[in-house]
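>>> no FASTA, just this:
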C-alpha cells in the first residue's frame, strides 16, 4: 500500500521565482576582497556570493590544496569545518554538488567551497587530512549519496545498516514506494 | 553487557572487547560503543550510530516549508524550540521576512528557557552517570517548572510546533510575564541549590577532574562546538560571534573552562544557565506589544537560492542549509547537528582513560541521538 501518493502535485508546476538578493556584511566584504586577490593562484576557481555567504567554486583536483591554503594562511584561518553537504542535481544536470561550509573561529568569518561532480563518477578527494571533523560527514555522504572519497576506500556504513542497498539520499531513490508494515 | 575475548592488534596481551549498548541505560539513547581494553585502560573505541536514522532530511524534501517545523522538533527532542528557531530563521533569511519585535522577544525568552531546561536534564542525568541519584531528582524538578510554562504557552510539553515562519503561533497568555518572573525566581534558587549539591562534591570531583581531556585546538579540529568547546578554553558562542535574531541587544557572558576535562564541560553548562537567566530577565523587562507574526503566505515559495544559518542550540553550533528551487518544497535541507560532530571527538577523549570513566566522558558531551542520527 503506497503512502501519500499526491505529494508531488504542487512542485510539478513550473514557477518562475525570483533569485535571492546578495547582501554581505562588513566581514563578508573584507573576505570577498582578500579572497579575490588570492584566488588567482587556483586556475578555474570562481568566486560568487550567495545571500551573505562568500562561495568559491573549484575543480575537485584542487580541493585539498585550497583547503590547506585556507586553513593555514594567517589572514583566512578557517580552523573549523562546519559541515559537508551533498546536493543531488542528477535528474536535470547530471551532477552532484559538494558544499563545504568553513568558519573561522578566530577571525569570525565564514565561506563555502563548492565542488561539482559528474553523476557517473562521483569521486572527490578526502579532506580528512585537513580537518578531522570531515570524518563522519564524509561517511554520511558515502552512505546516503554514494560519493566516493579518494584515500578512503571501503568505508563502513555509518547511518545505515550493513548490507543496505542503494543510496537513500538521492532524488532517484524510491521514497514513497514502500508499503506500511 | 557482552564480553568477548580476542587478540588485539595493539599489544601482545589478550585484550578484552566490551560492547556497550545499544540498549545500555547510560548511553543516552540508542548508541553503541565498542571498547577494546587492556586491563582497565581503554585502547580503542568504535562508536556505532544510526539506530535512530529516520531520514529526516529526505522527508523535508517532500513537505511544504511550513510543515517542516514539526520535523525539526523531533531532531533534538530536548532543545525543541532552538531547533524550530534555526529552521524558521533559514526560511526567513531566504524570503527576507521581517519578524515583528514582540515575536523576536517571545522567541528569545522561550529559547533561553529551553536551554535551561536542556541543561537541567544534563545536570540530572550526569549526576546519575556519576552514580549519584539525588541530582537527578533536583534537575528534573527544575526542568518540570520550565516545562509547565511551555505547556501554558505552546500547549505541549515537548513537541511544541510554536515558532513558525514569520513569527510565533499565537500570543502568550495574559499572565505570561508574571509566570516567567516567578519561574526565574525559582530557577535562580534551584540552580544555586544544584550547584551546591554536586559541583564541589569530593567524589564527583575525583571522578571528573582531569578525565577525558581535550585541548581547544583539537576540539576545533574535530568540529566540537558549544559548551564542550568552551570548556576547552575557546571563546565561541554563535549568539555573540555571529548574532542571529535579537541576541546582540542583550548583555550576557560566555562561560569558558580552562582544562577541557569532564568537570569543565559540566560546570560551563551550570554557568550558562545563569547567563540564560540574565538574558530572559532583560528580555522580559522590555518586551514590546504588537504583532506576533509577519504577514506570511499560507504556501511559501522562496526565491531560488541557498542559505546557511548558524544558531547556538543547547548542544552547540546548529546549522541549517536550505536549497530552494522556487517551488513550495525545499530542494535540499541539510542539518548540521552539533551532537553529531561532538560525538566524533569521543574517540580522542576516551583514549587512555579507564573503562569506568567511559560513561562519564560520554555523558559530558551531552548527546541527543535524535539529532545525531536524524
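Alright, I've got the coordinates. Just so it is clear, the structure is predicted and the values come from calculations on it, not from any experiment.

>>> and the longest helix along chain B, what's its mean pLDDT?
Ordering each helix of chain B by length in residues (DSSP state H) puts helix B:101-129 first. Helix B:101-129 comes out with an average pLDDT of 91.

>>> Residue B:81 contacts residue B:112, doesn't it?
No - look at residue B:81 against residue B:112 with Cβ atoms under 8 Å: they stay out of range, at 9.4 Å. No exception for glycine: its C-beta is placed from N, CA and C like everyone else's.

>>> Quick check on residue A:87: phi, psi?
phi -120, psi 130 (degrees, to the nearest 10).

>>> Just the pLDDT for it.
We have a pLDDT of 91 for residue A:87.

>>> That one against residue B:330, yeah?
No - at 10.9 Å, residue A:87 and residue B:330 do not qualify as touching, with contact defined as Cβ under 8 Å.

>>> which residues do those two both contact?
Here residue A:87 and residue B:330 have residue B:323 as joint contacts, going by Cβ atoms under 8 Å, 6 or more residues apart in numbering or on different chains.

>>> Those two - which one has more neighbours?
With neighbours defined as other Cβ atoms under 10 Å in any protein chain shown, residue A:87 and residue B:330 compare such that residue B:330 has more, 26 against 20.

>>> Please see if the helix or strand hosting residue A:29 touches chain B.
For residue A:29, the host element (DSSP states H and E) is helix A:26-38. No - contact between helix A:26-38 and chain B is absent, the nearest approach being 9.1 Å (criterion: Cβ under 8 Å from any Cβ of the partner chain).

>>> for the record, mean pLDDT for that helix?
For helix A:26-38, the mean per-residue pLDDT is 79.

>>> repeat for stretch A:130-149
When pLDDT is averaged along stretch A:130-149, the result is 89.

>>> Ok, stretch B:210-225 next?
On average, stretch B:210-225 scores 89.

>>> what does stretch B:18-27 give?
Averaged over stretch B:18-27, pLDDT sits at 77.

>>> Only the buried residues of that stretch, if you could.
By neighbour count with 16 or more other Cβ atoms under 10 Å in any protein chain shown, stretch B:18-27 contains the buried residues B:18-22, B:24, B:27.

>>> Do it and chain A come into contact?
No - judged by Cβ under 8 Å from any Cβ, stretch B:18-27 stays clear of chain A, getting no closer than 11.9 Å.

>>> tell me the domain ranges of chain B?
Recorded structural domains for chain B (assignment: automatic domain parsing) are B:2-48, B:56-373.

>>> Tell me, how many residues neighbour residue A:68?
13.

>>> Residue A:102 falls within a strand, correct?
Yes - assessed with DSSP: H, G, I helix; E, B strand; the rest coil, residue A:102 lies in a strand.

>>> Now do it against chain B, distance only.
Between residue A:102 and chain B the computed distance is 11 Å (Cβ to the nearest Cβ, to the nearest Å).

>>> Quick check: that residue touching residue A:109?
No - applying Cβ under 8 Å as the test, residue A:102 and residue A:109 come out as separate, 9.0 Å apart.

>>> Max pairwise distance over the buried residues of stretch B:18-27: which two?
For the buried residues of stretch B:18-27, the farthest-apart pair by Cβ to Cβ is B:18 and B:22; their separation is 13.9 Å.

>>> Count the residues that sit near the residue lying closest to residue A:50 once chain neighbours are set aside.
For residue A:50, ignoring the flanking residues on the chain, the nearest one in space by Cβ to Cβ, 6 or more residues apart in numbering or on different chains is residue B:306 at 5.0 Å. By the criterion of other Cβ under 10 Å, residue B:306 has 22 neighbours.

>>> do the same with residue A:135
Residues near residue A:135, counting by other Cβ under 10 Å: 20.

>>> Could you see whether chain B lies near stretch A:51-59?
Yes - using Cβ under 8 Å from any Cβ, we find that stretch A:51-59 touches chain B at A:51-53.

>>> sec struct for the residue positioned nearest the centre of chain A, please.
Centroid-nearest residue in chain A, with Cα atoms, centre = their mean: residue A:99, separated by 1.9 Å. Classification of residue A:99 by three-state DSSP places it in strand.

>>> Skipping adjacent residues, who's closest to residue A:53 in space?
Per Cβ to Cβ, 6+ apart, closest to residue A:53 is residue A:112, 5.3 Å.

>>> Parallel or antiparallel, list what pairs with the helix or strand harbouring that neighbour.
Secondary structure assignment for residue A:112, by DSSP H and E: strand A:109-118. Sheet pairing for strand A:109-118, assigned by DSSP bridges, gives strand A:53-58 (parallel), strand A:95-104 (antiparallel).

>>> So which of these is the most surrounded?
strand A:95-104 (a mean of 22; mean count of other Cβ atoms under 10 Å in any protein chain shown).

>>> Tell me the gap between that strand and the middle of its chain.
Relative to its parent chain, strand A:95-104 has a centroid offset of 3 Å by Cα atoms, centre = their mean, to the nearest Å.

>>> Can you check what angle separates that strand from helix A:26-38?
Comparing the axes of strand A:95-104 and helix A:26-38 via axes from the mean of the first three to the mean of the last three Cα atoms, to 10 degrees yields an angle of 120 degrees.

>>> contacts for strand A:95-104?
The contact list for strand A:95-104, computed with Cβ under 8 Å, 6+ apart, reads A:67, A:70, A:76-90, A:109-119, A:122, A:124, A:127, A:141, A:145, A:147, B:306, B:308, B:310, B:319, B:321, B:336.

>>> from those residues, which would you call buried?
A:67, A:70, A:76-90, A:109-115, A:117, A:119, A:122, A:124, A:127, A:141, A:145, A:147, B:306, B:308, B:310, B:319, B:321, B:336.

>>> Show me what the helix or strand hosting residue B:42 is in contact with.
Assigned by DSSP H and E, residue B:42 belongs to strand B:41-48. Contacts with strand B:41-48, where a contact means Cβ under 8 Å, 6+ apart, come from B:8, B:10-11, B:15, B:21-22, B:31-37, B:343, B:346-347, B:350-355, B:358.

>>> how about a cut-off of 6 Å?
Applying Cβ atoms under 6 Å, 6 or more residues apart in numbering or on different chains, the set of residues contacting strand B:41-48 from outside is B:10, B:32-36, B:346-347, B:350, B:353, B:355.

>>> mind listing what's buried in stretch A:166-178?
Those buried within stretch A:166-178 under the rule 16+ other Cβ under 10 Å are A:167-170, A:175.

>>> cool, and stretch B:255-269?
By 16+ other Cβ under 10 Å, the buried positions in stretch B:255-269 come out as B:255-257, B:259-269.

>>> I appreciate the help and will end here.
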